[in-house]
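Novice: Here you go, sequence then predicted model.
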Amino acid sequence: DAGVIQSPRHEVTEMGQEVTLRCKPISGHNSLFWYRQTMMRGLELLIYFNNNVPIDDSGMPEDRFSAKMPNASFSTLKIQPSEPRDSAVYFCASSFGTDPVYGYTFGSGTRLTVV
Amino acid sequence: TQLLEQSPQFLSIQEGENLTVYCNSSSVFSSLQWYRQEPGEGPVLLVTVVTGGEVKKLKRLTFQFGDARKDSSLHITAAQPGDTGLYLCAGGKGSARQLTFGSGTQLTVLP
């Protein structure tokens, strides 16, 4: 298996522009998580899906952030409009089952810079 | 407020030395995991512990889950430069479905 695949690896955009981050989870994993990592706040959970359904989006910072999972093999995280404070590394992770004991497999992340 | 506190935040040691990093919480977890993250990559799962007092060994790494399942430690024997990375603990509560990550310990092993 190729693991969790994220694209793009790097994104530089101007403030106010729309940004879309993409994720392909591991086949057979039914839970998908979006995290944001910064030096100040560490890894923060933004939203997670189980069987393509959003379960908890309480970590989404504001209405500018939205996430979708139209099928079991694809998810997007969209920021519109983007702001400099959104600059961070965004990770997608997938897992088998709903119990966290199974552990997460992370993608390599998307480094987002908003100027 | 960080639910899982890791210490130390930063650790720089010479190759061959031993070290221990700690993960502490006031909450009880049903499982505790350790991940290692290298620059430019996502965290990679090292181990999962589920039983209070459990000890697991992975080559030179020894992981322990506290008896009360509120804390954990990671001990590395004879550290090597390849051990360099950010070590993250993560606690799971089965009912909550998601992991809570600690703030991390940045380890640098100098040759």
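Specialist: On my side now, so go ahead.
Novice: alpha carbons only for contacts and neighbour counts from here, please
Specialist: Fine.
Novice: per-residue confidence for the nearest residue to residue A:35 once chain neighbours are set aside?
Specialist: In space, and not counting its chain neighbours, residue A:35 is closest to residue A:45: 4.5 Å by C-alpha to C-alpha, 6 or more residues apart in numbering or on different chains. Here the pLDDT value assigned to residue A:45 is 92.
Novice: Let me see the contact set for residue A:45.
Specialist: For residue A:45, the contacting residues are A:33, A:34, A:35, A:36, A:59, by C-alpha atoms under 8 Å, 6 or more residues apart in numbering or on different chains.
Novice: and it, how far is that from residue A:34?
Specialist: 6 Å (C-alpha to C-alpha, to the nearest Å).
Novice: And residue B:88, by the same measure?
Specialist: 17 Å.
Novice: ditto for residue A:20
Specialist: Residue A:20 is 13 Å from residue A:34, by C-alpha to C-alpha.
Novice: Just want to know which of the two has more residues nearby.
Specialist: Using other C-alpha atoms under 10 Å in any protein chain shown as the criterion, residue A:20 and residue A:34 rank with residue A:34 on top: 26 against 15.
Novice: Excluding chain neighbours, what is closest to the more buried one?
Specialist: Nearest residue to residue A:34, sequence neighbours excluded (C-alpha to C-alpha, 6+ apart): residue A:92, at 4.6 Å.
Novice: And for residue A:84?
Specialist: residue A:114 (4.6 Å).
Novice: residue closest to the middle of chain A?
Specialist: residue A:34 (3.0 Å; C-alpha atoms, centre = their mean).
Novice: Hmm, residue A:95 and that residue touching each other?
Specialist: No: using C-alpha atoms under 8 Å, residue A:34 is not in contact with residue A:95; the gap is 11.8 Å.
Novice: still on that earlier bit, mind telling me the two of the contacts of residue A:45 farthest from one another?
Specialist: Farthest apart among the contacts of residue A:45 by C-alpha to C-alpha are A:33 and A:59. That separation is 11.0 Å.
Novice: shared neighbours, these two?
Specialist: With C-alpha under 8 Å, 6+ apart, residue A:33 and residue A:59 have common neighbours A:45, A:46, A:47.
Novice: Which of those sits closest to chain B?
Specialist: Chain B has its nearest neighbour among the shared contacts of residue A:33 and residue A:59 in residue A:45, at 8.2 Å by C-alpha to the nearest C-alpha.
Novice: got the residue ranges for the strands in chain B?
Specialist: Secondary structure of chain B by DSSP state E: the strands cover B:5-7, B:10-14, B:19-24, B:31-37, B:44-49, B:55-58, B:61-65, B:71-76, B:85-92, B:99-101, B:105-110.
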